[in-house]
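Participant: when you get a sec, could you give me coordinates for this:
(chains A and B)
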Amino acid sequence: MKNNNVFVVAQKEAADHLQDAGFLVLLATYTVIVFASTYMLGSVMVGSMAYGNNSVLLSSIHVKMISQFTPLVGIALGFDAVVREQKSGSLNVLLTHPIFRDNILAGKLLGSMLLIAAIVVFSVFVSVGTLLIFYGVEVGYSELIRIAVFAILTFFYAVTFLGIAILISTIVKNSTDSLTCNIVIWIFICILFGAILKTVVAILTGQASNEGILITQLLNLSPLHHYAEAVTGRADLSFMGVNVEPIIRGIFDTRYTLTQCFREFWMNIVVLIITPIILLIINFITFLRKDITL
Amino acid sequence: MESTGLESTGLEFEQSEIVQHTDQFAIETIHLSKIFGKENQIRAVDNLNLQVRKGEVFGFVGPNGAGKTTTMKMLIGLLEPSEGSGKVAGFDIVREVINIRETTGVLPEPAGFYDNLTARQNLRFYAKLYNMDSKIREQRIVSLLETVGLARAIDQKTGGFSTGMRKRFGLAQALINEPLVLFLDEPTSGIDPLGAQMMRDLIKDLNRSKGVTVFLSSHSMEEVEEICDRIAIIARGKLLAVGSVEDLRDIVRAKEGVRYLLEVQDIPLSEAAEAIKNVEGVQALEIQGVTLYVNTKMKLRTEIAKAIKTAGGTVSMFEEEEMNLQKLFLKIIEGT
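Facilitator: Take a look at the predicted model:
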C-alpha cells in the first residue's frame, strides 16, 4: 500500500485551502472575532475581581465565542471535500492513479486536521497575545499547560464538525446542499440547542428547571455541551441555553489541579475525543461503499 | 453456456475457446459480468470474454448503456466484477488493482482536473502518486505537455482550458507514468474536428512509437474505424462481435448477404436483371436510374458477370457496396 500518497493528498488539500479566497476570508473573520472577544472580556476581567483568585488570563479567553465559531472552520474545510471533486470529475481522474480510496479520504482528513491544529494554535496565540500586549497579564507555567489542554480540546471539538461536514459532503449531490445542511447543523448545535432542549423538556415534563434528569441526559447529545463542561464547567454555551453556575469552572479553574479537573470532567473529555473518531470511521465506511465515480 | 448473441455472428468458437488467462494479452476477461441491484437485477456486463493483444489499438463500441464504461471501470479496478475474472497488463483486476493503475493510463469521461492549479501543478500532483524522482518528474511534465501541444499553457490554470485543451491535458495525465496500456473513454467527444484529428494522430503516434496498447471506447465510428486495429461491439452488456473492420464485414455478409452495384452497357438494365435473376443465390434486384442493385446470399461476382455476358451485355461498373463501420455497427446491433 502506498501510504505516502496519503501525505501527497494531505499536502495538496492543505495548500488548496490556504490558496482559497473564501477560506482566507473566514480565517480572517475568525481571527478578528477571537481578538475582539478576548479584548472585550479582558477589559472586564482585568478591571474586576469577578473570578476571585482565579487566573485573569484564563478567565479572559472568550470560550463562548470560540465554541460557537470554531465549528465553522471545520465546516469550511470539509463541506465540499468530496462532493466538489466528485462533481468536477477530478475524483474520476484521481482514482485512475495508484491510490486507494481510503488513502484519498485519509489524505483529505489529515490535511484538514493539520490546518485545524494550526488555526487553533493561532487563535490561542491571538487570545493570549491580546491579553499580554494590551493588559500586560502574567502567564504562569500552570496556565500554559491549561491553555495547551484547552487547545487540544478545541481541536477535537473542531474535528467533530469537520467529520460531520465531510460525511455530509460524501452523501449529498452538490456543494450547496452540503453547505446548507452543515449550517443548519451548526445553528442547531451551537446556537439553538439549549433553547430548543429547554422548550421540549418543558413541554414534555411541564418543568422549566435547568437541572432535570431528562435535560441533563439530552444535553449529552451535544458536542458543545461536552466542550463547554470540560473547559468552563458550564453545561451549555448556546444561545439562551441551559445555564447553571458551576462549582468547578472546568480546566480553567486554577483552584483545582489539572488532575482534579480531569477526574471531574473525564467523561466530557472522552466523548470529545471519541466522537470525531467515530465520525471518521463512519466517513471511511460511507466513502468506501459509495460509487463516487461519475 | 448462456446465449450471448454470438451464435448469430459466427464467433461462438472464439468465445468457447477462452478457458484460462495467459500473459500474451494486454487485456483479457473471462466470463466477466457486473450485476447491479439486488431484487431487480440488471446485468450491465454479461459474460464478457475479451482478448486485447499487446500493442494493438482496440475499439470498444456500443450504444448508450451497453456496458462500455462499466467494463472499463472493472478493468481499472473502480468496480468489482460480480462474476468472472480479468487481467490487465498481467495483473488481476480484483487483487492487483494498484499494480494495474501503476502500469496503465486512463482518460475517463468525464475527466476533471484541479482547476485552481496550473497544468504543471496538476501533473506534478499526479506524478507524486508514482513516487517519481523529482528531476525526472519535472522533465516528463514538460515533455508530455509538449507532446500534447500544451507546452505554452504549462503555467496556465486548467480551469481556463477549452474542451479540446482539457482532452489533450487528460491524455497527458494518463501518460504521466509511461503506461503499457492506455484506456481512453470518448477521447474526442465535444471537441472540434481539427482538435479531434489531432487527438487521433496523437493516439496513433503513441501506439506506433511506444507500442502502447490502446483500449478505446467511443461513439465515433469514424474515429474507431480510422485508428483501431480491431473492434468489439457490445450491446446490453453482451459482446456481439469482435474483429477487424474486414472481419466485421464478413460477419455481416454471413448474416445479411452481399449487395452489388452494377452498370451495364449494350443491353437494357431490365434484360440484365432478368439474366441475373436466375443465378443461384441472388435474393433481390432493384433498378435505380442507371444502376442495378443486386442482393445475394454470398459473393457471386463471377457468376453475375458471366450471366450478363451470356445475355449479351457488358459490365461497365461492378462494385460491392462498401459498408463502413457505422453501417456494420447498425447491422450487428440490429434486433438486440
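Participant: show me the helices in chain B, by range?
Facilitator: If DSSP state H is used as the criterion, the helices of chain B fall at B:12-17, B:68-75, B:97-103, B:119-128, B:134-147, B:163-174, B:193-210, B:221-227, B:245-256, B:269-277, B:301-310, B:325-333.
Participant: could I get those helices as TSV with mean neighbour count and distance to A:V184?
Facilitator: C-beta coordinates here come from the backbone N, C-alpha and C atoms, glycine included. TSV is the format used below for the helices of chain B (neighbours: other Cβ atoms under 10 Å in any protein chain shown; distance: least, Cβ to Cβ, whole Å):
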stretch	mean neighbour count	distance to A:V184
helix B:12-17	13	56
helix B:68-75	25	35
helix B:97-103	20	38
helix B:119-128	22	34
helix B:134-147	15	43
helix B:163-174	23	36
helix B:193-210	16	45
helix B:221-227	19	48
helix B:245-256	18	57
helix B:269-277	18	79
helix B:301-310	16	76
helix B:325-333	19	49
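Participant: save those helices as CSV, and put in distance to A:Q19 and mean pLDDT too.
Facilitator: Below are those laid out as CSV (distance: least, Cβ to Cβ, whole Å; pLDDT from 0 to 100):
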stretch, distance to A:Q19, mean pLDDT
helix B:12-17, 54, 42
helix B:68-75, 32, 93
helix B:97-103, 28, 94
helix B:119-128, 10, 96
helix B:134-147, 20, 94
helix B:163-174, 20, 93
helix B:193-210, 30, 91
helix B:221-227, 38, 91
helix B:245-256, 50, 86
helix B:269-277, 75, 90
helix B:301-310, 70, 91
helix B:325-333, 47, 87
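Participant: now these in JSON lines, with distance to A:V270?
Facilitator: Rendered in JSON lines, the data for these read as follows (distance: least, Cβ to Cβ, whole Å):
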{"stretch": "helix B:12-17", "distance to A:V270": "61"}
{"stretch": "helix B:68-75", "distance to A:V270": "42"}
{"stretch": "helix B:97-103", "distance to A:V270": "37"}
{"stretch": "helix B:119-128", "distance to A:V270": "38"}
{"stretch": "helix B:134-147", "distance to A:V270": "44"}
{"stretch": "helix B:163-174", "distance to A:V270": "45"}
{"stretch": "helix B:193-210", "distance to A:V270": "57"}
{"stretch": "helix B:221-227", "distance to A:V270": "61"}
{"stretch": "helix B:245-256", "distance to A:V270": "68"}
{"stretch": "helix B:269-277", "distance to A:V270": "93"}
{"stretch": "helix B:301-310", "distance to A:V270": "88"}
{"stretch": "helix B:325-333", "distance to A:V270": "62"}
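Participant: which of those helices sits closest to A:G250?
Facilitator: Proximity to A:G250 (Cβ to Cβ) singles out helix B:119-128 among the helices of chain B, at 43.2 Å.
Participant: pLDDT on stretch B:49-56, on average?
Facilitator: Looking at stretch B:49-56 alone, the average pLDDT works out to 94.
Participant: correction: stretch A:80-92
Facilitator: Mean predicted confidence for stretch A:80-92 is 91.
Participant: that one: end-to-end distance?
Facilitator: Distance between the boundary residues of stretch A:80-92 (Cα to Cα, to the nearest Å) amounts to 16 Å.
Participant: can you tell me what sits against that stretch?
Facilitator: The list of residues contacting stretch A:80-92 from outside it, by Cβ atoms under 8 Å, 6 or more residues apart in numbering or on different chains, reads A:13, A:94, A:104-105, A:108, A:112, A:165-166, A:169-170, A:172-175, A:178-179, A:287, A:292-294, B:108, B:110-115.
Participant: try it again with 6 Å
Facilitator: Outside of stretch A:80-92, the residues within contact range by Cβ atoms under 6 Å, 6 or more residues apart in numbering or on different chains are A:108, A:166, A:169-170, A:172, A:175, A:178, A:292-294, B:108, B:110-114.
Participant: which residue is the nearest non-sequential neighbour of the closest residue to chain B within chain A?
Facilitator: When distances are taken as Cβ to the nearest Cβ, chain A approaches chain B most closely through A:G89, which lies 2.8 Å from it. When the adjacent residues along the chain are set aside, A:G89 lies closest to B:G112, with 2.8 Å between them (Cβ to Cβ, 6 or more residues apart in numbering or on different chains).
Participant: list the contacts of the one you found.
Facilitator: Contact analysis of B:G112 by Cβ under 6 Å, 6+ apart lists A:S88, A:G89, A:S90.
Participant: redo these as TSV? Include secondary structure.
Facilitator: Below are these laid out as TSV (DSSP: H, G, I helix; E, B strand; the rest coil):
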residue	secondary structure
A:S88	helix
A:G89	coil
A:S90	helix
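Participant: rebuild these as a markdown table, extending it with neighbour count.
Facilitator: Below are the contacts of B:G112 laid out as a markdown table (neighbours: other Cβ atoms under 10 Å in any protein chain shown):
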| residue | neighbour count |
| --- | --- |
| A:S88 | 18 |
| A:G89 | 19 |
| A:S90 | 20 |
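Participant: any chance of those in CSV, plus distance to A:Q217?
Facilitator: What follows is those, written out as CSV (distance: Cβ to Cβ, whole Å):
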residue, distance to A:Q217
A:S88, 44
A:G89, 46
A:S90, 44
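Participant: A:I247 - how many residues pack around it?
Facilitator: The burial metric for A:I247, expressed as a neighbour count using other Cβ atoms under 10 Å in any protein chain shown, is 9.
Participant: quick one on the thing from earlier: Throw the helices of chain B into CSV and include distance to chain A, thanks.
Facilitator: Converted to CSV, these look like this (distance: least, Cβ to the nearest Cβ, whole Å):
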stretch, distance to chain A
helix B:12-17, 29
helix B:68-75, 7
helix B:97-103, 4
helix B:119-128, 5
helix B:134-147, 12
helix B:163-174, 6
helix B:193-210, 17
helix B:221-227, 21
helix B:245-256, 29
helix B:269-277, 55
helix B:301-310, 49
helix B:325-333, 25
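Participant: re earlier: which of the contacts of stretch A:80-92 count as buried?
Facilitator: Listed as buried from the contacts of stretch A:80-92 are A:108, A:166, A:169-170, A:172, A:175, A:178, A:292-293, B:108, B:110-114; burial here means 16 or more other Cβ atoms under 10 Å in any protein chain shown.
Participant: closest to B:E28 out of those residues?
Facilitator: Scanning the buried ones among the contacts of stretch A:80-92 for proximity to B:E28, where the rule is Cβ to Cβ, the winner is B:P108, at 21.3 Å.
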